[in-house]
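Peer 1: model this:
(chains A and B)
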Amino acid sequence: NAGVTQTPKFRVLKTGQSMTLLCAQDMNHEYMYWYRQDPGMGLRLIHYSVGEGTTAKGEVPDGYNVSRLKKQNFLLGLESAAPSQTSVYFCASSSAMRQGDEQFFGPGTRLTVL
Amino acid sequence: AQTVTQSQPEMSVQEAETVTLSCTYDTSESDYYLFWYKQPPSRQMILVIRQEAYKQQNATENRFSVNFQKAAKSFSLKISDSQLGDAAMYFCAFAPTGTASKLTFGTGTRLQVTL
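Peer 2: So this is what the prediction gives:
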């Protein structure tokens, strides 16, 4: 039981390049989330999904797109990376069985945009 | 929109002593959930404790307990018998009721544990 995994763990991009971060969970959770963490700030919600085929915007969605084609996977895409997107990205998942249930987090991806 | 404020950027405690981390929040919701997450140097976010706003009883998990004051919108974390492994960033977080627990985090408190 791996929990929540993220690929890759580190990445360096040049401005304007694109990339996709992959999140996978093996807990059969309905809800999945993408957050970013910047120095001196807490995690901020980028996008989330309440089920396969659904996505919704969070607090800071601009510059990102997401897809959830399979229940266990949640992809975060950057079409044209900017230095302001340098951050640590966390994926999380939670169950729909109980409201306000715990979110389980992945280990994070450190992204640097030059 | 909700806001979560952690006014202590850093705290220090001696091993075996007790420390309290502060958190206040602002919301117009009447029902919601509050959390404390721990982030050690490994970067992994780990749930420490969870509180349901409709429950008056303060949550407790072993050495960790909260003081939840709903009227004051305050949610502090008390760590008793501090251990070296407690050294980490601690984040307070708020989630409204409804579909999906969309968390709003505070800026965190870095806890140092000294011998």
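Peer 1: the residue lying closest to B:Glu52 once chain neighbours are set aside pairs with what?
Peer 2: With Cβ to Cβ, 6 or more residues apart in numbering or on different chains as the criterion, B:Glu52 has its nearest non-adjacent residue at 5.8 Å, and that residue is B:Tyr33. Where you see a C-beta, it was placed from the backbone N, CA and C, and this is true even at glycine. B:Tyr33 has the following beta-bridge partners by DSSP bridges: B:Glu52, B:Ala95.
Peer 1: got a list of what the residue lying closest to A:Leu114 once chain neighbours are set aside touches?
Peer 2: Spatial nearest neighbour of A:Leu114, excluding adjacent residues (Cβ to Cβ, 6+ apart): A:Lys14 at 5.4 Å. By Cβ atoms under 8 Å, 6 or more residues apart in numbering or on different chains, the contact set of A:Lys14 is A:81, A:113-114.
Peer 1: what is the nearest of the residues you listed to chain B?
Peer 2: A:Val113 (18.9 Å; Cβ to the nearest Cβ).
Peer 1: would you map the strands across the chain?
Peer 2: I went with chain A, as the question did not name one. A:4-7, A:10-13, A:19-25, A:31-37, A:43-49, A:56-57, A:65-67, A:73-78, A:87-94, A:104-105, A:109-113 (DSSP state E).
Peer 1: my bad, the chain I had in mind was chain B
Peer 2: Under DSSP E, chain B gives strands at B:3-5, B:10-14, B:19-21, B:24-26, B:32-39, B:46-52, B:60-61, B:64-69, B:74-79, B:88-96, B:104-105, B:109-114.
Peer 1: dump those into a markdown table; add distance to A:Ala92 and mean pLDDT as well.
Peer 2: Output for these, formatted as a markdown table (distance: least, Cβ to Cβ, whole Å; pLDDT from 0 to 100):
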| stretch | distance to A:Ala92 | mean pLDDT |
| --- | --- | --- |
| strand B:3-5 | 17 | 96 |
| strand B:10-14 | 26 | 97 |
| strand B:19-21 | 22 | 98 |
| strand B:24-26 | 20 | 97 |
| strand B:32-39 | 10 | 95 |
| strand B:46-52 | 11 | 95 |
| strand B:60-61 | 20 | 94 |
| strand B:64-69 | 21 | 97 |
| strand B:74-79 | 20 | 98 |
| strand B:88-96 | 11 | 95 |
| strand B:104-105 | 12 | 95 |
| strand B:109-114 | 21 | 97 |
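Peer 1: reformat those as a markdown table; add mean neighbour count.
Peer 2: As requested, the strands of chain B are exported to a markdown table (neighbours: other Cβ atoms under 10 Å in any protein chain shown):
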| stretch | mean neighbour count |
| --- | --- |
| strand B:3-5 | 15 |
| strand B:10-14 | 14 |
| strand B:19-21 | 20 |
| strand B:24-26 | 16 |
| strand B:32-39 | 23 |
| strand B:46-52 | 18 |
| strand B:60-61 | 12 |
| strand B:64-69 | 18 |
| strand B:74-79 | 20 |
| strand B:88-96 | 23 |
| strand B:104-105 | 22 |
| strand B:109-114 | 17 |
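Peer 1: distance of the most centrally placed residue in chain A from chain B?
Peer 2: Centroid-nearest residue in chain A: A:Trp34, 2.8 Å away (criterion: Cα atoms, centre = their mean). According to Cβ to the nearest Cβ, to the nearest Å, A:Trp34 and chain B sit 11 Å apart.
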